[in-house]
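S.K.: Got a predicted structure here, sequence first:
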Amino acid sequence: MSAIEVEGLTVRLDGTLIVDGVDLDVAEGEWVTVIGPNGAGKSTALRAIGGLLPFGGTVRWHGVPADRLSRRERAKAVATVLQSPVVPPAMRVFDYVLLGRTPFIPPLGRESATDLAAVEEVLAALDLESFAGRRLETLSGGERQRVFLARALAQGAGILLLDEPTSALDIGHQQEVLELVDHLRAERGLTVLATMHDLTTAGEYADRMFLLAAGRVVASGTPAEVLTEPHLAEHYRVKVRIIEGDRGPLVVAVRG
Amino acid sequence: MSFRRPAGLRPAWLAAGVLTLLGAMVLALAFGSVRLPPGGVAVELLNLLPGVRLDSGLTDREVAILTQLRLPRVVLGALVGAMLALAGAAYQGAFRNPLADPHLLGVAAGAGLGVTAVIVLRATGDVAELPIGAPMAAFVGAVGAVALTWLLGAAGGRDRSPATLILAGVAVSAFLSAAQTYLLQRNVESVREVFSWTLGRLSTAGWHEVRVILPYVVVTAAIVLAQRRELDVLTVGDAEATSLGLHPQRSRYLLIIAASLGTAAAVSASGLIGFVGIIVPHTLRLMAGPSYRALLPLSLLFGAAFLVLADLVARTAGGDAEIPIGVVTAFLGAPFFVLVLRTNRAVPS
């Protein structure tokens, strides 16, 4: 059974059609990355799949239609890391990661020992124990990204949606964060659906890719099938050279 | 402090809040045109408990001053201060705006217009008692005002900053104050009563006023305190709060309506007292941390203590002539507001 099945997904924002009939599926434990030029509708599609935007069409998580689940049940099934998460002023890392346990805490209730243990476990897994008492705003970009991931992992969801997870990071921290996600995927059996701009990096980590343009899927398949010179020339309007790499195609833009 | 302990209300802070409020109340009850011994005041307060009968050493006249004049005023001041501080904290969380406050959002002006309308329509010339319908009329005005401010503030689109909402609040306040003035100009026989109320009803407070606003205070406090965890989640923004299983817009509406109800009750009982909703929550954030789980209950306690002490200053600092309590809070609040404005540049809108 697919972890994520999307059929005929449409999203309108302020009356404008942003996502126009997207079909997409992600198998259990798979890493799928959605790429596309600016304005293609990648982030909007991801948010809709995560239940954060109203949409038309069908989204199923582990076979269950997303709109049949309550908000809490959704939060237990899917965790989302947004492109630029808000950094609440003066909040400590521990309290921020604990927010991930919100769907497990009953209304008017308080966090249980299980919730606190889950936070401890995630902090340890992401090597963030020494940061627990630090304020979020004092962390570097790479450290913050790990904390955002920790918050999502604390939700205990089997599906992880990542919207441009490395856009604010330098090349070293990009690799560090993506390696961490890949490690967690293998260790915890997570299913990952991500959007990314850096095509080479996207191709190195994804099992499959979907290329979006003007809100539609225009190509899909393995990175080698999607990252081709004709595809990228047509939809990114750029001349590229594709070089075969050890872990996927290396995309180099060249002057036309 | 252990990093492994979640943010929340620490017992030490709760004890500090309770003791500060009790201390403020004893001081406010002891000092005034007739000075009473604080020890005797404390004993008389204990005598209010069922089954307790201790000798306070106060004369019958002093006991009457304490229980008939000062105590209702102090209790009303505490309720009003608690509501204004709680409403300020709730608005700041619901709007994710550090500058939000019942007065700056125009809520107090809306409530003021509602009370003025009730006084004008009643037109009995009786300045002594708060009309029963005043809190509800104030609530209608308050909710109308906050809705108007929100709509005007949202007109700035996605680029709006914390200041946009406050500018909208200033415009709404000006509009509603003009409407109030117009109403008074058409009903000059009510000017004295409305003016007396505007300067602060605490000077004429009795147990009647306490009874009229108490139900609103209880309902407001229960709703807002029940939302304290949701307010913490709302600090990460609506999209993430939704991904965590919350219904941000529903929580926001509930909080705004409850805070407006509390503001309406406070304004209908006490007139227009500004800045409490800015001073108290921001000071507490600096001392006890940003979590609303601590901030909201502490705002109730310290807001109550703050206004009781401000009223004590209003009663005693001007000699025979009482200073309107709104003047006292504005003298403290205006510079504080500038400080908040300067230190919140990094706060996201």
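M.R.: Done, it's in.
S.K.: For residue 6, which residues are in contact?
M.R.: Because you didn't say which chain, this covers chain A. Contacts for A:V6 (C-beta atoms under 8 Å, 6 or more residues apart in numbering or on different chains) come out as A:V22, A:D23, A:L24, A:D25, A:I49, A:G57, A:T58, A:V59, A:R60. (Each C-beta comes from the backbone N, C-alpha and C, glycine too.)
S.K.: That was the other one, I meant chain B.
M.R.: B:P6 makes contact with A:F94, A:D95, A:L98, A:E111, A:L116 under the criterion C-beta under 8 Å, 6+ apart.
S.K.: A strand includes the third one, no?
M.R.: What that stands for is A:L98. No: when DSSP: H, G, I helix; E, B strand; the rest coil is applied, A:L98 is found to be helix, with no strand at that position.
S.K.: near chain B at all, stretch A:59-69?
M.R.: No: using C-beta under 8 Å from any C-beta of the partner chain, stretch A:59-69 never reaches chain B; the gap is at least 10.1 Å.
S.K.: just to revisit the earlier point, filtering the contacts of B:P6 by proximity to chain B, which remain?
M.R.: Filtering the contacts of B:P6 for proximity to chain B by C-beta under 8 Å from any C-beta leaves A:F94, A:D95, A:L98, A:E111, A:L116.
S.K.: Among the residues you listed, name the least confidently predicted one.
M.R.: Least confident by pLDDT among the ones next to chain B among the contacts of B:P6: that is A:E111, with 92.
S.K.: What helix or strand is the residue positioned nearest the centre of chain B located in?
M.R.: For chain B, the residue nearest the mean C-alpha position is B:L84 (1.5 Å; C-alpha atoms, centre = their mean). Assigned by DSSP states H and E, B:L84 falls within helix B:71-95.
S.K.: ditto for B:A12
M.R.: helix B:11-30.
S.K.: Could you look up the SS state of the residue nearest to B:P131 when sequence neighbours are not counted?
M.R.: Leaving aside its chain neighbours, B:P131 sits nearest to B:V118 (5.1 Å; criterion: C-beta to C-beta, 6 or more residues apart in numbering or on different chains). Applying three-state DSSP to B:V118 yields a three-state assignment of helix.
S.K.: can I assume B:V118 is in contact with B:A137?
M.R.: Yes: between B:V118 and B:A137 there is a contact at 4.4 Å, judged by C-beta atoms under 8 Å.
S.K.: and the nearest residue to B:G237 once chain neighbours are set aside, how many neighbours?
M.R.: Spatial nearest neighbour of B:G237, chain neighbours left out: A:V86 (4.0 Å); criterion: C-beta to C-beta, 6+ apart. A:V86 has 17 neighbours, counted by other C-beta atoms under 10 Å in any protein chain shown.
S.K.: residues in contact with A:V86?
M.R.: Applying C-beta under 8 Å, 6+ apart, the residues near A:V86 are B:T235, B:V236, B:G237, B:E240, B:P348.
S.K.: Just the residues contacting the helix or strand containing the fourth one, thanks.
M.R.: Secondary-structure assignment from DSSP H and E places B:E240 in helix B:238-243. Contact with helix B:238-243 is made by A:47, A:50-52, A:71, A:75, A:78-80, A:82, A:85-86, B:233-234, B:248-249, as judged by C-beta under 8 Å, 6+ apart.
S.K.: just to revisit the earlier point, disregarding flanking residues, what is the spatial nearest neighbour of the residue nearest to the centre of chain B?
M.R.: In space, and not counting its chain neighbours, B:L84 is closest to B:V276: 3.9 Å by C-beta to C-beta, 6+ apart.
S.K.: Let me know whether the one you found touches B:L86 as I believe.
M.R.: No: under the criterion of C-beta under 8 Å, B:V276 makes no contact with B:L86, lying 9.8 Å away.
S.K.: Now do the shared contacts for these two.
M.R.: What both B:V276 and B:L86 touch, as defined by C-beta under 8 Å, 6+ apart, is the set B:G303.
S.K.: tell me the SS of B:E322?
M.R.: Assigned with three-state DSSP, B:E322 falls in the coil class.
S.K.: Please enumerate the helices of the stretch 201-349 of chain B.
M.R.: Remark: helices assigned in the stretch 201-349 of chain B by DSSP state H, counting those that start in this stretch are B:207-226, B:228-234, B:238-243, B:248-270, B:276-288, B:292-316, B:325-343.
S.K.: can you put these in JSON lines and add mean neighbour count?
M.R.: Shown next, in JSON lines, are the helices of the stretch 201-349 of chain B (neighbours: other C-beta atoms under 10 Å in any protein chain shown):
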{"stretch": "helix B:207-226", "mean neighbour count": "18"}
{"stretch": "helix B:228-234", "mean neighbour count": "23"}
{"stretch": "helix B:238-243", "mean neighbour count": "23"}
{"stretch": "helix B:248-270", "mean neighbour count": "25"}
{"stretch": "helix B:276-288", "mean neighbour count": "24"}
{"stretch": "helix B:292-316", "mean neighbour count": "25"}
{"stretch": "helix B:325-343", "mean neighbour count": "17"}
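S.K.: So for A:M196, which of these sits nearest?
M.R.: Among the helices of the stretch 201-349 of chain B, the nearest to A:M196 by C-beta to C-beta is helix B:238-243 (18.9 Å).
S.K.: Contact partners for B:A100?
M.R.: Counting by C-beta under 8 Å, 6+ apart, B:A100 touches B:G88, B:Y91, B:Q92, B:A94, B:P162, B:L165, B:I166, B:G277.
S.K.: Check the gap between it and chain A for me.
M.R.: Distance from B:A100 to chain A, counting by C-beta to the nearest C-beta, to the nearest Å: 15 Å.
S.K.: buried residues in the helix or strand bottoming out on mean pLDDT in chain B?
M.R.: Least confident helix or strand of chain B, by mean pLDDT, DSSP states H and E, is helix B:191-198 with a mean of 77. Under the neighbour-count criterion of 16 or more other C-beta atoms under 10 Å in any protein chain shown, helix B:191-198 has B:E193, B:V194, B:S196, B:W197, B:T198 buried.
S.K.: Is stretch B:213-229 in proximity to chain A?
M.R.: Yes: with C-beta under 8 Å from any C-beta as the criterion, chain A is reached by stretch B:213-229 at B:A226, B:R229.
S.K.: So which elements touch the least confident helix or strand of chain B?
M.R.: helix B:107-122 (3 or more C-beta pairs under 8 Å, 6 or more residues apart in numbering or on different chains; DSSP states H and E).
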